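Trainee: give me a model of this one.
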Amino acid sequence: MKDVFHIAVSCNERYVPGALVALAGVAVHARPETPLRFHVFTEGVKDESVALMRATLKRLHPNGDFVQHVCDEDLLKGLPYWAGSRMAFVRCFYARLLPDVDWCLYLDCDILYLCGVEEHFSYRREDALAVVVVEESESTRHVDVRWAARDCGVELEESEYFNSGVMLFNFRKCREEGLPEKLAEFIGGHPHLPLADQSVLNVLLKDRVVFAP
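Mentor: Residues are numbered from 1 along each chain as shown. Alright, predicted model coming up:
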């Protein structure tokens, strides 16, 4: 039996179109025989929006499963808002929310995915916490690198600063090392993050990631 490739997004009703575009890119570019499982973490998303996502992805990739995970207040309580939503931080807890998943690709809702997911997963390395891509914006790197040094005492190299919008997580390793709990503690202690979860992840995953092309 072939391994299932797990892909996850987080969205509220406003970001449903972007989430669907991101997942549709995976569906279109995966080989037809590749088993996919789409995990959609939602807050306040209408039933008809979920039905649209499910039907569209099934049409694009019949060998895929769609799983909705409704985020309740117990999960979201205490998380800071970013762009009017707390959903940006939910990925920090995916490793615990998906306890039976070892590797999972996370995508932001502003991503157009043009790669074969099979190739992407080939960059997995068991000692790494994630496979990432370099942040292309020089100004973004500057802001976060300065913040990390000033507020956290962590020296980040701009050449190794990654964008958190495309991350292939090693959930098994994250659970082993208690990363979800460390992320929650860090977020609680730093309520005013320059770049939301991207700031958190760059600090806590420093030197523990693999860079994909």
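Trainee: what bridges to the residue most central in space within the chain?
Mentor: The centroid of the chain falls nearest to Tyr106 when counting by Cα atoms, centre = their mean (3.1 Å). Per DSSP bridges, the residues bridged to Tyr106 are Ala8, Met167.
Trainee: was I right to think it contacts Asn163?
Mentor: No - counting by Cβ atoms under 8 Å, Asn163 is not a contact partner of Tyr106; they are 11.3 Å apart. C-beta: built from backbone N, CA, C; applies to glycine.
Trainee: okay, Asp74: pLDDT?
Mentor: Listed pLDDT for Asp74 reads 79.
Trainee: helix or strand right after the helix or strand where it lies?
Mentor: Taking DSSP states H and E as the criterion, Asp74 maps to helix 73-76. Using DSSP H and E, the helix or strand that directly follows helix 73-76 along the chain is helix 94-97.
Trainee: for that next one, name the packing helices and strands.
Mentor: Secondary-structure packing of helix 94-97 (3 or more Cβ pairs under 8 Å, 6 or more residues apart in numbering; DSSP states H and E): strand 36-43, helix 171-176, helix 179-189.
Trainee: okay, buried residues for the shortest one please.
Mentor: Going by neighbour count (16 or more other Cβ atoms under 10 Å), the buried part of helix 171-176 is Phe171, Lys173, Cys174, Arg175.
Trainee: run the chain-centre distance for that helix.
Mentor: 15 Å (Cα atoms, centre = their mean, to the nearest Å).
Trainee: average pLDDT for that helix?
Mentor: 97.
Trainee: got a list of contacts for that helix?
Mentor: 94-96, 98-99, 101-104, 126-129, 180 (Cβ atoms under 8 Å, 6 or more residues apart in numbering).
Trainee: which single one of these is nearest to Glu118?
Mentor: Proximity of those to Glu118, judged by Cβ to Cβ, is greatest for Trp103, which lies at 12.3 Å.
Trainee: that closest one touches His6, doesn't it?
Mentor: Yes - using Cβ under 8 Å, Trp103 makes contact with His6 at a distance of 6.8 Å.
Trainee: contacts for the lowest-mean-pLDDT helix or strand in the chain?
Mentor: Lowest by mean pLDDT, DSSP states H and E among the helices and strands of the chain is helix 73-76, with a mean of 77. By Cβ under 8 Å, 6+ apart, the surrounding residues in contact with helix 73-76 are Glu43, Arg86, Val90, Phe93, Leu97.
Trainee: with distance to Ile187, pLDDT and neighbour count added, can I get those residues in a markdown table?
Mentor: As requested, the contacts of helix 73-76 are arranged in a markdown table below (distance: Cβ to Cβ, whole Å; pLDDT from 0 to 100; neighbours: other Cβ atoms under 10 Å):
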| residue | distance to Ile187 | pLDDT | neighbour count |
| --- | --- | --- | --- |
| Glu43 | 17 | 92 | 19 |
| Arg86 | 10 | 77 | 20 |
| Val90 | 11 | 85 | 24 |
| Phe93 | 10 | 87 | 18 |
| Leu97 | 16 | 93 | 18 |
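Trainee: so what does Glu135 have for phi and psi?
Mentor: Main-chain torsions, Glu135, degrees, to the nearest 10: phi -70, psi 120.
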